[in-house]
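S.K.: Next comes the sequence, and after it the predicted model I'd like to discuss.
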Amino acid sequence: MATTNGRVSSTTSGGAGLRVRNQPNQQTLENDQEAINIHQMNALRDAGIVQTNANGQTQPMEDVNLEYLIFKTVYWIEKGDVLKIESIFNFLSKQQQHQHEGPSSKSKILPLSELVNTYDKCFNRTPLYSACAKGMLPLVKVLVQQGSRLDEVNGPSKQTSVWIAANFGFFSVVKYLLKKGCDKNKSCSLEKSPELIAKDRGFYELAEYIKNFDYPLYQLVKGRKVLFKKNLSQMSEKKQLCDINIKCHNVGLDDY
């Protein structure tokens with residue numbers, strides 16, 4: 001048995017070697033949160049978003065260097081440092097919110113939609129492309145929600161975000177982008193579409209999914225599902241239905 005940073009761990013006598021840990025105490029949680037806060041603040045300084053004044057106080061930069069910021073953003077995505085990306089997005093989002101609520105400071109507010117759609121000249125890609133290349137679905141969703149252009153071409157090879165996700169076989173990322181309306185037929189400079197590159201890489205199930213995906217049909221089925229749920233809810237409120245359990249079976253439209 002050993003104690004590390006307030007966490008007590010032990011190994012069972014069985015061959016499986018199961019490790020059991022107790023819940024961290026309040027002091028440990030506070031220390032962890034303080035470490036996270038320091039990490040995030042260092043990220044903001046490193047990205048050139050905030051600075052420390054003569055009094056030792058942290059304040060936003062009056063003018064953010066977008067070219068440097070997009071480089072750091074893509075760089076951290078490539079490294080998989082999600083915490084730093086999160087700190088940047090949260091800070092810019094709060095700035096936008098404060099601007100809407102009242103008078104802003106002297107610092108220029110950088111819209112998140114501008115950052116996510118800026119092309120990094122060093123890596124020759126957008127943040128969305130990098131996130132798709134790494135298979136980072138949660139980040140992909142955030143970038144799309146912030147207005148990332150789905151069909152932006154990247155680099156001399158002219159690859160789109162869905163193309164690079166198909167290239168690496170990231171099924172969930174491809175599926176999400178298709179449902180958001182990306183162009184599944186947009187080819188790279190070698191005239192290979194996402195479907196063809198997935199097939200070339202041996203991702204046959206993914207290639208078949210891309211081939212058969214029909215965005216207008218998806219929109220139609222999705223709309224009818226929403227309408228059905230709305231009507232069902234209204235009928236339930238009127239007590240026309242009671243204790244009904246609906247289960248959808250695989251009839252070929254589950255992906256819609």
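M.R.: Everything's here; your move. Please read all numbers here as calculations on a predicted model, not as lab measurements. Numbers count the residues shown, from 1 in each chain.
S.K.: for Gln219, helix, strand, or coil?
M.R.: helix (DSSP: H, G, I helix; E, B strand; the rest coil).
S.K.: Now do the buried residues in stretch 44-64.
M.R.: For stretch 44-64, burial by neighbour count (16 or more other CB atoms under 10 Å) applies to 44, 47, 49-50, 60-61, 64. Placement of C-beta: from N, CA and C, glycine included.
S.K.: Can you give me the first-to-last residue distance of that stretch?
M.R.: For stretch 44-64, the first-to-last residue distance is 11 Å (CA to CA, to the nearest Å).
S.K.: and if you look at stretch 194-211?
M.R.: Span of stretch 194-211 from end to end, CA to CA: 9 Å.
S.K.: mind listing what's buried in that stretch?
M.R.: 194-199, 203, 206-207, 209-210.
S.K.: what's the answer for stretch 142-162, then?
M.R.: Buried positions in stretch 142-162, judged by neighbour count with 16+ other CB under 10 Å: 142-144, 146, 148-150, 153-154, 159-162.
S.K.: Looking at the residues you listed, which are in helices?
M.R.: 142-144, 161-162 (DSSP state H).
S.K.: out of those, which one sits closest to Pro111?
M.R.: The closest of those to Pro111 turns out to be Leu143 (CB to CB; 13.7 Å).
S.K.: Not including adjacent chain positions, what is the nearest residue to that closest one?
M.R.: Excluding the flanking residues, the one nearest Leu143 by CB to CB, 6 or more residues apart in numbering is Leu128, at 4.7 Å.
S.K.: check which helix or strand covers the one you found.
M.R.: helix 127-133 (DSSP states H and E).
S.K.: which secondary structure elements does that helix contact?
M.R.: helix 66-79, helix 112-116, helix 137-145, helix 161-167 (3 or more CB pairs under 8 Å, 6 or more residues apart in numbering; DSSP states H and E).
S.K.: From the buried residues of stretch 142-162, pick the one nearest Leu220.
M.R.: Nearest to Leu220 out of these is Leu150 (CB to CB; 20.0 Å).
S.K.: Show residues contacting stretch 187-205.
M.R.: Stretch 187-205 is contacted by residues 156-160, 162-163, 165-169, 171, 174, 184-186, 206-207, 210-211 when judged by CB atoms under 8 Å, 6 or more residues apart in numbering.
S.K.: Spatially central residue in this structure, please.
M.R.: In the chain, the centroid-proximal residue (CA atoms, centre = their mean) is Leu139; its distance is 1.3 Å.
S.K.: mind listing what that residue touches?
M.R.: Contacts here follow CB under 8 Å, 6+ apart; on that basis Leu139 touches 77, 82, 85, 131.
S.K.: before we move on, the earlier item: ok, so of the buried residues of stretch 142-162, who is nearest Lys72?
M.R.: Closest approach to Lys72 among the buried residues of stretch 142-162 (CB to CB): Leu143, at 15.5 Å.
S.K.: do you know how far the closest one is from Leu44?
M.R.: Leu143 sits 19 Å away from Leu44, going by CB to CB, to the nearest Å.
S.K.: likewise Glu78?
M.R.: Plainly put, Glu78 is 19 Å away from Leu44 if you go by CB to CB.
S.K.: Break the protein down into its domains, please.
M.R.: Following automatic domain parsing, one gets these domains for the chain: 34-123, 124-213, 215-256.
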